[in-house]
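K.L.:
sequence-free structure coming up:
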C-alpha cells in the first residue's frame, strides 16, 4: 500500500509540545500567586507544583473534566490557605493564568515544522489536548490566525467524553479526516499522549520539551523520541516508513 500525499495526518498535544509554556505553569504562575499571598516560592513548593501539574496534564490521580482546577486546589495547602478562602485562591490563580496564557511563545521552529507538514506535504494537522476548547482559543487570543491552519481539527477535554489517555479524541479526528488511525501520528510531551496514540493505533512521537524526562518518556515507549517537534521534518522518512509497516 502506497503512502499517498494527503493520506497521513499529524495530531499534536498543545502545552509543552507546540507551546513553550512549561516555565509559566511550573514557576511563573505559582510564584506570582505566592507573591500575592506574601509567601516565598521555595524549591520544595516547585517540586510539589510540578507533581500536581503532572497529574493534571496526564497522570492517573486527577482524572475528570477539571483536572487543572483540582490540581490548583491541592496546591492551596502550600500557601496555608484555609478552606473558606479557597474560592479566592482559585480566583487569584485564574487571574494570573488568564493574564499570562495569552502571551505564550511557540516552541522555536514549531511554525516552520507545521508548514513542512501542511504546505510541502499536504498532511492535515490537528490538536488533541487536555485543555478545554475555550482554553485553546484563549492561548491564541492574540494570534487567532495560528489556529486557522488546523481547519477546525481542535479536540479539547470538553469535546470528548473521555480525554487522553483514552483514544476518543484521536479517533474523532480519524473519522473527520477519513484517515484510518494507523495512518495517523500522535505527538506529545506526556506519557498520556503516547498512551492515547497507542490505544488508537497510531504511530507515536514523544517530545522532551514539556513535562517528561527522557527516562519517563522511554517508559512510555513511543515509536520515536525527539527533543522537540522541530525534529519531525528531518525524521519524516523514518516516520513514514514506520507508518508503512503498519498499513
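P.N.:
Arrived safely, thanks for sending. Since we're looking at a predicted model, the values are computed, not measured. Residues are numbered from 1 along each chain as shown.

K.L.:
And the strand or helix carrying residue 99, what's buried?
P.N.:
Residue 99 is located in helix 86-101, with elements delineated by DSSP states H and E. Residues 89, 92-93, 96-97, 101 are the ones in helix 86-101 that count as buried (16 or more other C-beta atoms under 10 Å). In this view, the C-beta of every residue, glycine as well, is placed from N, C-alpha and C.

K.L.:
tell me what that helix is packed against?
P.N.:
Packing partners of helix 86-101 (3 or more C-beta pairs under 8 Å, 6 or more residues apart in numbering; DSSP states H and E): helix 29-36, helix 67-75, helix 133-139.

K.L.:
show me what contacts the nearest residue to residue 154 once chain neighbours are set aside?
P.N.:
Closest residue to residue 154 apart from its sequence neighbours, by C-beta to C-beta, 6 or more residues apart in numbering: residue 127 at 5.0 Å. Neighbouring residues of residue 127 by C-beta atoms under 8 Å, 6 or more residues apart in numbering: 11-14, 18, 136, 150, 153-155.

K.L.:
mind listing which of those residues are in helices?
P.N.:
residue 136 (DSSP state H).

K.L.:
Make TSV out of the contacts of residue 127 and add neighbour count.
P.N.:
Shown next, in TSV, are those (neighbours: other C-beta atoms under 10 Å):
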residue	neighbour count
11	28
12	28
13	29
14	23
18	28
136	18
150	18
153	19
154	19
155	25
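
K.L.:
Export the contacts of residue 127 to TSV and append columns for pLDDT and distance to residue 72.
P.N.:
TSV is the format used below for those (pLDDT from 0 to 100; distance: C-beta to C-beta, whole Å):
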residue	pLDDT	distance to residue 72
11	98	27
12	98	25
13	97	20
14	95	18
18	97	23
136	92	19
150	96	28
153	97	29
154	96	24
155	96	23
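
K.L.:
Nearest to residue 174, out of the contacts of residue 127: which one, please.
P.N.:
Using C-beta to C-beta, residue 11 comes nearest to residue 174 of those, at 9.0 Å.

K.L.:
For the closest one, name its beta-bridge partners.
P.N.:
Bridge pairing for residue 11 (DSSP bridges) gives the partners residue 126, residue 186.

K.L.:
what does the average pLDDT come to for stretch 209-217?
P.N.:
Mean pLDDT, stretch 209-217: 91.

K.L.:
My guess is residue 153 contacts residue 125. True?
P.N.:
Yes: here residue 153 reaches residue 125: they are 6.9 Å apart, a contact under C-beta atoms under 8 Å.

K.L.:
Can you check which residues contact both of those two?
P.N.:
With C-beta under 8 Å, 6+ apart as the test, residue 153 and residue 125 both reach residue 11.

K.L.:
And the strands in this protein?
P.N.:
For the chain, the strands defined by DSSP state E occupy 9-12, 125-128, 154-155, 184-188, 203-207, 224-226.

K.L.:
could you dump those strands to a markdown table with distance to residue 73?
P.N.:
Output for those, formatted as a markdown table (distance: least, C-beta to C-beta, whole Å):
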| stretch | distance to residue 73 |
| --- | --- |
| strand 9-12 | 29 |
| strand 125-128 | 25 |
| strand 154-155 | 25 |
| strand 184-188 | 25 |
| strand 203-207 | 29 |
| strand 224-226 | 33 |
